[in-house]
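Trainee: following is a predicted model, sequence given first.
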Amino acid sequence: MLLMIATHAIVAHTGLEEKEVLSLFEVPPQPEWGDVAFPCFVLAKKFRKSPQHIAMELAELVSREAGLTASASGAYVNITLDRSAHIPSMLAELRKAEFLKPNIGYGQRVVIDMSSPNIAKPFGIGHLRSTVIGAALYRILGETGYVPISVNHLGDWGTQFGKQIAAYKRWGNEEQLQHDPIGESLKLYVRFHQEAEHDPSLEDEGREWFRRLEQGDTEAQQLWEFFVEVSLGEFDRMYQRLNISFDHVLGESFYNDKMQAVVAQLRAKGLLEESDGALVVRLEDEQLPPCLILKKDGTTIYPTRDLATAIYRHEVMKADRLLYVVGGEQKLHFQQVFAVLKHAGETWAEQCEHVPFGLMRFAGKKMSTRRGKVVKLEEVLDEAVARAQDIITEKNPNLLEQQAIAEDVGIGAIIFGDLKNNRLNEVDFSLEEALTFEGETGPYVQYTHARIRSLLEKARAHSDVDSTSSDNVLAQDGHSPDLNIVSDEMLGDAGWALLKQLDRYHGQLIRAARQLEPSVIARFALDTAQAFNRFYAKERIVDGGQWRIQLAEQTADMLASTLRLLGLKAPNRM
Ligand code: ARG
């Protein structure tokens with residue numbers, strides 16, 4: 001809103017486009033200089049004057065507008081809003097739907113491929129990132145006028161399931177698999193590969209089982225279903241704790257009966273070529289290696305399934321846009337799949353987008369390499385919650401519902417610790433760091449939010465005392481709290497800075513949606529919490545008058561909604 005006010009003034013006197021003006025604004029290096037600075041260089045040609053000269057004239061004109069003052073500084077016009085004239089309307093604006101939910105999506109349907117762990121394998125850190133980033137994008141896009149549709153594309157198909165079945169048939173135990181599905185599957189998998197080294201017939205056995213599975217053999221099917229069911233049970237526990245649900249859980253197996261059509265389509269277009277007995281699509285135009293479609297033994301492969309999947313999402317789910325939140329290491333795979341779609345004549349292939357992210361490592365001895373290379377995610381979550389509980393008990397021993405809040409804070413620390421990074425960056429995750437209440441962390445934002453809520457409670461109590469007893473108690477000694485304490489300004493400098501920060505929300509949300517970048521929102525939440533804490537340190541709030549209370553309340557609401565967008569809870573007490 002602040003920018004719009006300044007924009008209108010500049011547009012009126014220069015004839016520039018609104019968009020251009022908006023993109024040119026800068027923040028003055030010193031807050032005393034003004035609220036926004038407009039550089040006049042672009043106008044020099046148009047008006048055939050020096051930018052400095054233009055700045056002076058423009059400042060003069062802008063100053064004549066009601067509620068604005070302006071001064072020239074070199075080639076810049078520094079514009080200052082008259083605070084008392086704008087504070088009420090700015091606060092009101094922050095509550096409007098157009099401000100909070102900018103519609104840039106116009107109902108476009110966006111299918112988001114997210115999480116997508118592999119059955120019978122551990123839920124990896126990459127899958128955690130995909131889950132957390134995907135869920136945040138889902139909410140951010142939903143908030144900005146898109147219709148997001150989340151799909152958990154489970155890795156539940158492929159030759160490895162043939163091996164899994166073969167191993168289970170030889171050495172498996174139902175009870176053990178029920179008890180520890182992933183651990184037991186992993187054991188079988190490892191044993192299979194060890195023994196296959198001496199006994200190559202095992203590999204054939206595995207291949208044969210997968211072939212039977214693809215052909216719908218009952219026994220293979222039943223065993224496979226059992227693996228999927230027990231693994232999914234384990235994943236679901238984690239999704240629950242992360243507070244994640246999906247619109248669709250459709251594994252790769254779902255496309256089993258849809259792949260022949262894809263192969264036929266590619267064949268009809270003359271795209272399939274033989275290579276060592278396998279069928280591939282050459283992608284020389286794109287300077288990519290050929291995309292494998294069917295293996296020698298006629299079984300399908302990862303890219304084949306992704307082709308069928310994309311077509312299904314386009315045709316049946318009516319996706320206007322297809323996003324794949326998958327680690328950067330699969331870049332080539334998606335380039336190939338999208339290129340094959342294009343060759344196959346699917347013009348919408350351009351609406352497919354890989355949304356990659358960088359590697360994350362868990363630092364800190366305890367988490368790193370227990371049980372080989374695999375970090376057990378559930379243990380990481382437990383550890384985070386246990387540590388959060390310790391911190392909370394120490395800070396606030398009388399807090400009720402400590403356990404539930406520790407869960408919110410511990411899980412929140414992990415989610416925020418991931419999302420605050422630009423998604424392409426590699427992350428060295430430290431649980432200790434993610435849990436500090438003072439750093440750039442989820443708990444810091446949550447804590448600031450809770451602190452405002454309790455402040456507001458105090459303020460309410462204060463105003464109750466005020467209205468019921470001010471006549472007899474307070475007025476008796478001639479002490480009217482409001483008049484005495486409120487500084488001459490409605491919000492004070494720190495309060496004004498906070499209001500300007502809240503005013504950025506609209507623009508930042510749009511940016512996060514355009515760039516598919518949740519870190520923009522995380523950064524916004526941190527900046528807002530910091531701006532509030534400065535306000536809290538410098539100004540009276542509880543007895544500081546209605547505008548300050550309102551500002552605090554709107555800050556809490558906005559922190560809560562940014563936390564929600566990122567997938568964190570916002571407890572009222574901590
Ligand atoms: N299950 C795959 C893996 O863990 C990720 C799947 C990503 N989604 C897709 N449509 N290929 O590597």
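Mentor: Perfect, I can see it now.

Trainee: from the stretch 51-200 of the chain, which residue is nearest to the ligand?
Mentor: Minimum separation of the stretch 51-200 of the chain from the ligand (CB to the nearest ligand atom) falls at Gly155, amounting to 3.2 Å. Using the backbone N, CA and C atoms, a C-beta is placed for each residue, glycine as well.

Trainee: check what pLDDT the residue lying closest to that residue once chain neighbours are set aside gets.
Mentor: Once flanking residues are discounted, Gly155 sits nearest to Asn118: 3.4 Å by CB to CB, 6 or more residues apart in numbering. Note for Asn118: predicted pLDDT of 94.

Trainee: next one: phi and psi at Asn118?
Mentor: Backbone dihedrals for Asn118, given as degrees, to the nearest 10, come out at phi -100, psi 130.

Trainee: report the contact partners of the closest residue to Trp33 other than its chain neighbours.
Mentor: Using CB to CB, 6+ apart and skipping residues adjacent in sequence, the residue nearest Trp33 is Asn78, 4.7 Å away. Asn78 sits next to 28, 33-34, 36-37, 59, 70-72 when contact means CB atoms under 8 Å, 6 or more residues apart in numbering.

Trainee: beta partners for Asn78?
Mentor: Per DSSP bridges, residues listed as beta-bridge partners of Asn78: Ala37, Ser71.

Trainee: what does the pLDDT read for it?
Mentor: On the pLDDT scale, Asn78 gets 97.

Trainee: distance check, it against Ser430.
Mentor: Using CB to CB, to the nearest Å, Asn78 is found at 42 Å from Ser430.

Trainee: buried stuff in stretch 278-285?
Mentor: The neighbour-count criterion (16 or more other CB atoms under 10 Å) identifies 278-283 as the buried residues of stretch 278-285.

Trainee: do stretch 532-547 as well
Mentor: Using 16+ other CB under 10 Å as the test for burial, stretch 532-547 gives 532-536, 539, 541-545, 547.

Trainee: straight-line length of that stretch, end to end?
Mentor: From its first residue to its last, stretch 532-547 covers 14 Å (CA to CA, to the nearest Å).

Trainee: returning to what we had before: the contacts of Asn78: which ones sit near the ligand?
Mentor: Residues of the contacts of Asn78 in contact with the ligand (CB under 6 Å from any ligand atom): none.

Trainee: which of those residues are buried, as a PyMOL select command?
Mentor: Those of the contacts of Asn78 that count as buried under 16+ other CB under 10 Å are selected in PyMOL with:
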select buried, resi 28+33+34+36+37+59+70+71+72
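
Trainee: got the contact list for Phe246?
Mentor: 114-115, 150-152, 239.

Trainee: pick the one among the buried residues of stretch 532-547 closest to the ligand.
Mentor: Phe532 (39.0 Å).

Trainee: hang on, isn't Glu214 packed against Ser253?
Mentor: No - when contacts are counted by CB atoms under 8 Å, Glu214 is not listed as touching Ser253 (9.4 Å).

Trainee: the ligand contacts on the chain?
Mentor: The chain has residues 113, 116, 118, 153, 155, 306, 309, 324, 326 near the ligand, with proximity defined as CB under 6 Å from any ligand atom.

Trainee: give me the residue from the stretch 451-574 of the chain nearest the ligand.
Mentor: Leu516 (15.7 Å).

Trainee: now secondary structure and pLDDT too, for the buried residues of stretch 532-547, in JSON lines please.
Mentor: Listed next are the buried residues of stretch 532-547 as JSON lines, based on DSSP: H, G, I helix; E, B strand; the rest coil; pLDDT from 0 to 100:
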{"residue": "Phe532", "secondary structure": "helix", "pLDDT": "98"}
{"residue": "Asn533", "secondary structure": "helix", "pLDDT": "98"}
{"residue": "Arg534", "secondary structure": "helix", "pLDDT": "97"}
{"residue": "Phe535", "secondary structure": "helix", "pLDDT": "97"}
{"residue": "Tyr536", "secondary structure": "helix", "pLDDT": "97"}
{"residue": "Glu539", "secondary structure": "coil", "pLDDT": "94"}
{"residue": "Ile541", "secondary structure": "coil", "pLDDT": "93"}
{"residue": "Val542", "secondary structure": "coil", "pLDDT": "90"}
{"residue": "Asp543", "secondary structure": "coil", "pLDDT": "88"}
{"residue": "Gly544", "secondary structure": "coil", "pLDDT": "89"}
{"residue": "Gly545", "secondary structure": "coil", "pLDDT": "91"}
{"residue": "Trp547", "secondary structure": "helix", "pLDDT": "95"}
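
Trainee: can you redo those as CSV with distance to His179?
Mentor: Shown next, in CSV, are the buried residues of stretch 532-547 (distance: CB to CB, whole Å):
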residue, distance to His179
Phe532, 48
Asn533, 48
Arg534, 53
Phe535, 54
Tyr536, 51
Glu539, 58
Ile541, 54
Val542, 55
Asp543, 60
Gly544, 59
Gly545, 62
Trp547, 60
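
Trainee: out of those residues, which two sit at the greatest distance?
Mentor: Farthest pair in those (CB to CB) is Asn533 and Gly545. Separation: 19.7 Å.

Trainee: residues contacting Arg191?
Mentor: Here Arg191 is in contact with 167, 171 (CB under 8 Å, 6+ apart).

Trainee: wait, a strand at it?
Mentor: No - with DSSP: H, G, I helix; E, B strand; the rest coil as the criterion, Arg191 is helix rather than part of a strand.

Trainee: okay, which residue is most central for the chain?
Mentor: Centroid-nearest residue in the chain, with CA atoms, centre = their mean: Ala136, separated by 3.0 Å.

Trainee: what kind of secondary structure is that residue in?
Mentor: State at Ala136, reduced to three classes by three-state DSSP: helix.

Trainee: could you tell me how far it is located from Glu407?
Mentor: Ala136 is 19 Å from Glu407, where distance means CB to CB.

Trainee: next one: Gly495
Mentor: Look at Gly495 and Glu407: by CB to CB, they are 34 Å apart.

Trainee: in terms of neighbours, single out the busier of these two.
Mentor: More crowded of Gly495 and Glu407, by other CB atoms under 10 Å: Gly495, with 28 against 20.

Trainee: contacting residues around the residue nearest to that one when sequence neighbours are not counted?
Mentor: Nearest residue to Gly495 in three dimensions, chain neighbours excluded: Phe535, at 5.2 Å (CB to CB, 6+ apart). Phe535 makes contacts with 491-492, 494-495, 497-498, 541, 551-552, as judged by CB under 8 Å, 6+ apart.

Trainee: can you add distance to Thr347 and secondary structure and give the residues you listed back as a markdown table?
Mentor: Putting the contacts of Phe535 into a markdown table (distance: CB to CB, whole Å; DSSP: H, G, I helix; E, B strand; the rest coil) gives the following:
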| residue | distance to Thr347 | secondary structure |
| --- | --- | --- |
| Leu491 | 53 | coil |
| Gly492 | 57 | helix |
| Ala494 | 54 | helix |
| Gly495 | 53 | helix |
| Ala497 | 49 | helix |
| Leu498 | 48 | helix |
| Ile541 | 57 | coil |
| Leu551 | 50 | helix |
| Ala552 | 52 | helix |
